[in-house]
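> fold the following for me, if possible:
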Amino acid sequence: MASKTFKIGEYAQGGIITVMVMGSKITVIGKEWDFSKGSKRSSDQSNAKEFTRTEISGNDSYNELYDCISSLSTHYWAKEIIKWVSSKTKLKQSIW
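Now for the predicted structure:
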């Protein structure tokens, strides 16, 4: 299992997106920034409050993953997160 927390800040709903990859199952979690732990990127946000969780299965789920992440953040961050996910699993972009 691989996971990464992206502390995006004002360019994402809640400010934090955590992605977990377990084989071909991808989980995207949107979290609210916990200001009691600090407002800098270096602050510990491991216990931030979760407000959404989406589970995506299958290696041909590029479009579903992109839609999920871009609904939480911008196109740039969606592409950056997908780039990280692609390095952890085989992710194919399907043609409509």
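
> quick one, strands of the protein?
Using DSSP state E, the strands of the chain run over 2-7, 15-22, 25-32, 50-57.

> OK, contacts around the nearest residue to Ser39 once chain neighbours are set aside?
With sequence-adjacent residues excluded and distances taken as CB to CB, 6 or more residues apart in numbering, Ser39 is closest to Trp33, at 7.6 Å. Where you see a C-beta, it was placed from the backbone N, CA and C, and this is true even at glycine. Residues counted as contacts of Trp33 (CB atoms under 8 Å, 6 or more residues apart in numbering) are 9, 14-16, 39, 45, 48.

> now the residues you listed: which count as buried?
14-16, 45, 48 (16 or more other CB atoms under 10 Å).

> of the contacts of Trp33, closest to Trp84?
Ile16 (14.7 Å; CB to CB).

> tell me the bridge partners for Ser57.
Lys25 (DSSP bridges).

> report how many residues lie close to it.
12 (other CB atoms under 10 Å).
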